[in-house]
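Q: Just to be clear, the model below is a prediction. Sequence and coordinates:
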Amino acid sequence: MASNKGVFTEDKVALMIGSFIFLLALFRMADIDLLGWVVKTGMWVSDPLKAWSSAAKGLIPGWTAALVTWAALTAVLSLGVKLMGGNVGKFAVSFTIVLFIAFICYTLGANAYIAAAPTELAKLGISKSLGLSTEAGLIVALLAGILISNLAPGLADSLRDACRPELFVKIAIVIMGAELGVKAAEASGFAGHIIFRGLCAIVEAYLLYWAVVYYVARKYFKFSKEWAAPLASGISICGVSASIATGAAIRARPIVPIMVSSLVVIFTCIEMLILPFVAQHFLYTEPMVAGGWMGLAVKSDGGAIASGQITESLILAKAAAEMGVKWEPKWVVMVTTTVKIFIDIFIGVWALVLAYVWSAKFDKTGGSRTMGWADVWARFPRFVLGYLATFLILLFICLPSDDPARSKALATHGASLAGAINGFRVIFFLLTFFTIGMISNFRKLLEEGIGRLAIVYVVCLFGFIIWVGLFISWAFFHGMTPPPMVAG
């Protein structure tokens, strides 16, 4: 992995890039389209090149939009890598290859025989399809990354400079706030219920998850406190971010959060490939429960929110086919994102609590130390500020007013902005999926002695966390459904 000794952290770079894309998109509210050139991938039947188009319909050919998008993303992300102290040349070359492979994967997944919903078959002139929506391209990308990492580790290592899934997903979350803000404005009361219930669910999950996993690791597997605390945070809270923050808070050796983070990536892949389909089968009548479950059960930002995306696509397609109900998209993933964002916000507070407990009770070598807001701020995930800002800005801009004409104009412009920014969100999620797979070398991790940690992970995740997460999600989101789509 590239060095991270620059003046900017990954969180700050994600906030900067996400905010820059959002500001460009914001011009759409004044009828100025600065992002119409971004490539979008739609469904195709026989010619994959017809899947590509520019976000602004007819602005430029699809292949041109793909090249312009590659050039723009390479330039902006290279600047971010430079600010983080990485090797810009290596990143640019690796990123070009990574983006190219990821685009092929997504395009394959967008084939109509894989992606088309049952209601679209006649229009497309085909008789059957898996009905997975174009989000199936994300699964294809994840599997491709896993195969490359484990069957061609030399190739995966050569592309390591561009494999930054946490950076990609944090950028995606920042700009996704704008889309969700537009949706929330359309049904502001409903969105308020989601946010409140998401906060309540997180508080309850924290109080249950962490304590049980820590107890199991200490009591039954005899791990030291140094190992048990990051393991509890990684398994029970938020994967990579939580294990790293916890490791720093208790002054653990660097190998501890690294090993836990590796486990998180492996099990994130497993959960992403299983849980959305379980949710589709059992929870298609309770879509918001399914969304909350993804946020509480899948332990990385990228994995959770991407799982929410897939779950939403699967459930909306099944609900339309079996119940005749067409729900608005983005609400299920909003539940997932809300739950996950509250988890991220709480990481800083949790790290502060652990730092205080460890310094006061377990590790007094550094003497007494006054804990304050500076410690919380030092550990606070910066990209969350971007998500909250883009969400609130679009929410307040697009909120209905007493003037029906003005409300309609704002809603139209907001929908146009969301459409423009959606292309970038899909691309960054695609990069997240593919690069998660690319850093998941199962053989190498086993050689490093990760087996005993994995047993704890399996016991806690599949024996307790997934099911308690489902119960909590059911308790807070049972009976809620997205608003129905309005014809025309």
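A: Looks like it arrived, so ask away.
Q: Look at residue 324 and say how many residues are nearby.
A: 8 (other C-beta atoms under 10 Å). C-beta: built from backbone N, CA, C; applies to glycine.
Q: if I look at it, how far off is residue 318?
A: 11 Å (C-beta to C-beta, to the nearest Å).
Q: Identify the contacts common to those two.
A: Jointly contacting residue 324 and residue 318 under the rule C-beta atoms under 8 Å, 6 or more residues apart in numbering is no residue at all.
Q: which helices and strands sit right next to the one helix or strand residue 474 maps to?
A: In this structure, residue 474 sits in helix 466-477 according to DSSP states H and E. With contacts taken as 3 or more C-beta pairs under 8 Å, 6 or more residues apart in numbering; DSSP states H and E, helix 466-477 sits against helix 188-219, helix 287-297.
Q: any idea of the mean pLDDT in the next helix or strand after the longest one?
A: This means helix 188-219. Note on helix 188-219: by DSSP H and E, the next helix or strand toward the C-terminus is helix 225-233. Computed over helix 225-233, the mean pLDDT rounds to 85.
Q: Who are the packing partners of helix 225-233?
A: Here helix 225-233 touches helix 188-219, helix 239-249, helix 255-283, helix 451-460, going by 3+ C-beta pairs under 8 Å, 6+ apart.
Q: what's the least confident stretch among those?
A: Looking at the helices and strands packed on helix 225-233, the weakest mean confidence is helix 239-249, a mean of 69.
Q: can you pull the buried residues of stretch 432-439?
A: Buried residues in stretch 432-439, counting neighbours by 16 or more other C-beta atoms under 10 Å, are found at 432-439.
Q: can you count the residues close to the closest residue in space to residue 54 that isn't next to it in sequence?
A: Among residues not flanking residue 54 along the chain, residue 65 sits closest, at 4.0 Å (C-beta to C-beta, 6 or more residues apart in numbering). Residue 65 has 22 neighbours, counted by other C-beta under 10 Å.
Q: Does residue 65 touch residue 35 like I think?
A: No: taking contacts as C-beta atoms under 8 Å, residue 65 lies outside contact range of residue 35: 10.9 Å.
Q: can you list residues touching both of the two?
A: Taking C-beta under 8 Å, 6+ apart as the contact rule, residue 65 and residue 35 both touch residue 55.
Q: Point out where the stretch 301-450 of the chain drops to low pLDDT.
A: Confidence mapping of the stretch 301-450 of the chain against pLDDT under 70 gives the ranges 301-302, 344-349, 359-360, 363-381, 402, 445-449.
Q: Would you state the helices of it in chain order?
A: Remark: helices assigned in the stretch 301-450 of the chain by DSSP state H, counting those that start in this stretch are 301-322, 331-357, 373-379, 382-398, 404-438, 442-447.
Q: Of those helices, which is nearest residue 120?
A: helix 301-322 (9.5 Å; C-beta to C-beta).
Q: Can you show me the CA trace of that closest one as CSV?
A: Below are the C-alpha coordinates for helix 301-322, written out as CSV (Å, rounded to 0.1, in the frame of the first residue of the first chain):
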residue,chain,number,x,y,z
ASP,A,301,-18.6,1.4,5.1
GLY,A,302,-18.2,0.2,1.6
GLY,A,303,-19.6,-3.3,2.2
ALA,A,304,-22.6,-2.1,4.2
ILE,A,305,-23.8,0.6,1.9
ALA,A,306,-23.0,-1.4,-1.2
SER,A,307,-25.0,-4.3,0.3
GLY,A,308,-27.8,-1.8,0.9
GLN,A,309,-27.7,-0.9,-2.7
ILE,A,310,-27.9,-4.5,-3.9
THR,A,311,-30.6,-5.4,-1.3
GLU,A,312,-32.7,-2.4,-2.5
SER,A,313,-32.4,-3.5,-6.1
LEU,A,314,-33.3,-7.1,-5.3
ILE,A,315,-36.2,-6.3,-3.1
LEU,A,316,-37.7,-3.6,-5.3
ALA,A,317,-37.7,-5.9,-8.2
LYS,A,318,-39.3,-8.8,-6.2
ALA,A,319,-41.9,-6.5,-4.7
ALA,A,320,-42.9,-5.3,-8.2
ALA,A,321,-43.1,-8.8,-9.6
GLU,A,322,-44.8,-10.6,-6.7
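Q: Can you give me the buried ones in it?
A: Of the residues in helix 301-322, 301-320 count as buried by neighbour count, 16+ other C-beta under 10 Å.
Q: same check, this time on stretch 172-182
A: 172-182.
Q: Can you lay out the helices of the stretch 301-450 of the chain as JSON lines showing distance to residue 30?
A: Formatted as JSON lines, the helices of the stretch 301-450 of the chain follow (distance: least, C-beta to C-beta, whole Å):
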{"stretch": "helix 301-322", "distance to residue 30": "30"}
{"stretch": "helix 331-357", "distance to residue 30": "26"}
{"stretch": "helix 373-379", "distance to residue 30": "35"}
{"stretch": "helix 382-398", "distance to residue 30": "11"}
{"stretch": "helix 404-438", "distance to residue 30": "8"}
{"stretch": "helix 442-447", "distance to residue 30": "50"}
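Q: Highest mean neighbour count out of these?
A: Mean neighbour count (mean count of other C-beta atoms under 10 Å) peaks for helix 301-322 among the helices of the stretch 301-450 of the chain, with a mean of 25.
Q: Quick one: distance of stretch 401-417 to the chain centre.
A: Mean C-alpha position of stretch 401-417 versus that of the full chain (C-alpha atoms, centre = their mean, to the nearest Å) differs by 29 Å.
Q: when you give positions from now on, start the count at 33
A: All right, first residue 33 from here; so that's stretch 433-449.
Q: Name the residues that touch it?
A: Residues outside stretch 433-449 that contact it (C-beta under 8 Å, 6+ apart): 57-58, 60-61, 63, 65, 210, 214, 217-218, 426, 429-430, 432.
Q: tilt between the strand or helix carrying residue 56 and helix 363-389?
A: Using DSSP H and E, residue 56 sits within helix 42-58. Interaxial angle of helix 42-58 relative to helix 363-389 (axes from the mean of the first three to the mean of the last three C-alpha atoms, to 10 degrees): 150 degrees.
Q: Point out the other helices and strands that helix 42-58 packs with.
A: Counting contacts by 3+ C-beta pairs under 8 Å, 6+ apart, helix 42-58 is packed against helix 94-115, helix 197-218, helix 414-430, helix 436-470.
Q: Ramachandran angles for residue 117?
A: Here is the backbone geometry of residue 117 (degrees, to the nearest 10): phi 90, psi 20.
Q: Tell me, how many residues neighbour it?
A: Neighbours of residue 117 under the rule other C-beta under 10 Å: 13.
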